[in-house]
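Engineer: Build the 3D model from these lines:
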Amino acid sequence: MMDKEPAISDSQQGKPWRRLCLIPMILIIWVNAWAQLSFQAVIEVGEGYGWDGVLYGELAENFPDRFEELLATQAGERRQRVLPSLIVSVAIAPIVENRHEAVIVAFQILNTLCLTLGVLVWLGIAKEKALSIGGAWLGFIALFLNYQNMKFAYYDPVLTDSMTLLFALLVYWSWLRESHVGLIFSLFCGSFVSSSILLLSIPLLVFRKGALDTANKKWVYAVALTVSAGLFAVLIHEAYWTDYQVPEGWRPPMKELYPLSIMISVAYVFLGARYLLQGGLTPSWAELKTRFHWRMALTIGTIQGLVLLIIHQWAYDIDGPSFLDVIAVGPNSIPFRSLNLPFVFGLAHLFYWGPVYALVLCYWRSMCRVCHHEGVGPTVYLFAFVFLSLSYETRHLIAFLPILVSVLAKSLEEKALSWPFYLGFLVSSVAMSRCWLSIDSPNILPQLSSLWPG
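Structural biologist: Numbers count the residues shown, from 1 in each chain. From the prediction side, this is the model:
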């Protein structure tokens, strides 16, 4: 079993701070949900279903009559995300008329329920991490008071994002508690909400906890330079040695900005790797055998095999993009996305997740030290975040938020920040969430499309 650090109980801390947090946190979620449902219209694309939500909405509206027909026309990763649609379909089963509108409202309510349950799980994580009341509130603000969860979940509700966050929280909470039953449940059910949640969780789960030794600085620089050089080679190849045909409707890439984009992306990855690798990721074979969680690796393989067995029973006509298409090559790959505009990925994360992304950049070194204390798994997990965050598809990073925010909260607690900092973080997070802005989709979408190539 993994070495588990005892969490500080409420009585040990001298006050039941979780009770003080729970009610106001849930009230904030509910009041915002009421305001968005009352004053915010839904997206007009797909008659309220949105772009990606057309599949999920039609599946919920016509489940199970059109189950095979709808999934047959979708790529593999989307065909897998059926659980939210199934839940909504069951919820609206008695409704005969206006099922389209009922699906939209049901998804909005489901998103609110997922966020509410997410608050409960987050407080459980805060207890396991022995966070103070300030750390618990900082994590709540970072996780829930952002554009995704205060605005987008109601403006474009027919998606799987809110439930993905809930299952990502459940996976991390179960890992902290060493609950194998919780992990099996979270990973299996979560695989039918987010097609990548199990894959992303592998480095976190298959290594036991245990502080890393400080690595030799020369070795750290050598590995960080090697990783950055590999990315540099891929970016040069994507930028100048290939000539991709941009999909119809996409803005042509601004090739004159490629050199600046390449420098920013390579420096971003080098600095991220530089501090993460300081903890040392070269344990000996004897140490690796001790740290590697063989039973958990077998469990993950079994779950993934069962999930693949289930989804391969469903008929399909279209294959999804290959692993290389996403990671390395093609106009939709992560490196190619980072080329389009200098640091557009950073701006996207800042405007989507709010000031928490700025804090991650500012306190990355401190966060890495906290990760090194927890072991190889969280360290490799955050390295995956560094690379995947090169893409401006910010929504795809939602599974990283629980561990990213908990590590940030823990590192900031060590600095004993004053209450004006927390107040400023709260005000700036709410302001950047745009929960107060009523989005008029016909007018705002052309403006947004001029900023992003897609």
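Engineer: What about Ala267, how many residues nearby?
Structural biologist: Neighbourhood size, Ala267 [other C-beta atoms under 10 Å]: 11. Bear in mind the C-beta positions are built from the backbone N, C-alpha and C, glycine included.
Engineer: helix or strand for it, which one?
Structural biologist: In the assignment (DSSP states H and E), Ala267 maps to helix 258-276.
Engineer: Next up, the contacts around the closest residue to Leu390 other than its chain neighbours.
Structural biologist: Spatial nearest neighbour of Leu390, excluding adjacent residues (C-beta to C-beta, 6 or more residues apart in numbering): Ser338 at 4.2 Å. Neighbouring residues of Ser338 by C-beta atoms under 8 Å, 6 or more residues apart in numbering: Leu235, Ser261, Ser265, Val344, Phe345, Leu390, Ser391, Tyr392.
Engineer: so for the one helix or strand Ser338 maps to, what's the average pLDDT?
Structural biologist: Counting by DSSP H and E, the element that carries Ser338 is helix 334-339. For helix 334-339, mean pLDDT is 80.
Engineer: same check, this time on stretch 407-415
Structural biologist: Stretch 407-415 shows a mean pLDDT of 90.
Engineer: now do stretch 372-386
Structural biologist: The model assigns stretch 372-386 a mean pLDDT of 85.
Engineer: Could I get the CA-only coordinates of it as PDB?
Structural biologist: The C-alpha trace of stretch 372-386 is given here as PDB (Å, rounded to 0.1, in the frame of the first residue of the first chain):
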ATOM      1  CA  HIS A 372       8.100  16.300  -5.700                       C
ATOM      2  CA  HIS A 373       7.000  15.700  -2.100                       C
ATOM      3  CA  GLU A 374       4.100  13.600  -3.400                       C
ATOM      4  CA  GLY A 375       6.100  11.500  -5.800                       C
ATOM      5  CA  VAL A 376       6.600  10.500  -9.400                       C
ATOM      6  CA  GLY A 377       3.000  10.200 -10.300                       C
ATOM      7  CA  PRO A 378       1.900  13.800  -9.700                       C
ATOM      8  CA  THR A 379       5.100  15.100 -11.200                       C
ATOM      9  CA  VAL A 380       4.700  13.200 -14.500                       C
ATOM     10  CA  TYR A 381       1.000  14.200 -14.400                       C
ATOM     11  CA  LEU A 382       1.900  17.900 -14.300                       C
ATOM     12  CA  PHE A 383       4.500  17.400 -17.100                       C
ATOM     13  CA  ALA A 384       1.700  16.100 -19.300                       C
ATOM     14  CA  PHE A 385      -0.200  19.300 -18.400                       C
ATOM     15  CA  VAL A 386       2.700  21.500 -19.600                       C
END
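Engineer: mind listing what's buried in it?
Structural biologist: 372-383, 385-386 (16 or more other C-beta atoms under 10 Å).
Engineer: Would you point out the most distant pair within the residues you listed?
Structural biologist: Pairwise distances across the buried residues of stretch 372-386 (C-beta to C-beta) peak at 18.7 Å, for the pair His373 and Val386.
Engineer: Ile29 and Ala142, how far apart?
Structural biologist: 14 Å (C-beta to C-beta, to the nearest Å).
Engineer: ok, the two, which is more surrounded?
Structural biologist: Neighbours per residue (other C-beta under 10 Å) separate Ile29 from Ala142, with Ala142 holding more: 25 against 21.
Engineer: so who does that one touch?
Structural biologist: Trp353, Gly354, Val356, Leu359, Leu401, Val405, Leu408, Ala409, Ser429.
Engineer: So which of the residues you listed is the closest to Leu20?
Structural biologist: Nearest member of the contacts of Ala142 to Leu20, counting by C-beta to C-beta, is Ala409, at 16.6 Å.
Engineer: Can you name the next helix or strand after the host helix or strand of the closest one?
Structural biologist: For Ala409, the host element (DSSP H and E) is helix 401-413. Sequence-wise, the next helix or strand downstream of helix 401-413 (DSSP H and E) is helix 419-433.
Engineer: Show me what that following helix is in contact with.
Structural biologist: 134, 137-138, 141-142, 145-147, 149-151, 350-351, 354-356, 359.
Engineer: Now that helix: buried residues?
Structural biologist: Residues of helix 419-433 classed as buried by neighbour count (16+ other C-beta under 10 Å): Tyr422, Phe425, Leu426, Ser428, Ser429, Val430, Met432, Ser433.
Engineer: how about a markdown table for those, with pLDDT and distance to Gly124 added?
Structural biologist: Listed next are those as a markdown table, based on pLDDT from 0 to 100; distance: C-beta to C-beta, whole Å:
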| residue | pLDDT | distance to Gly124 |
| --- | --- | --- |
| Tyr422 | 90 | 21 |
| Phe425 | 96 | 22 |
| Leu426 | 95 | 22 |
| Ser428 | 96 | 27 |
| Ser429 | 96 | 22 |
| Val430 | 95 | 24 |
| Met432 | 94 | 27 |
| Ser433 | 93 | 24 |
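Engineer: now, among those, which is nearest to Ile95?
Structural biologist: Set against Ile95, the nearest of those by C-beta to C-beta is Ser433 (31.4 Å).
Engineer: what residue ranges in this structure score low on pLDDT?
Structural biologist: The chain contains residues with pLDDT under 70 at 1-18, 75-76, 212-217, 244-251, 279-289, 315-332, 440-454.
Engineer: Where is the longest helix in it?
Structural biologist: helix 99-128 (DSSP state H).
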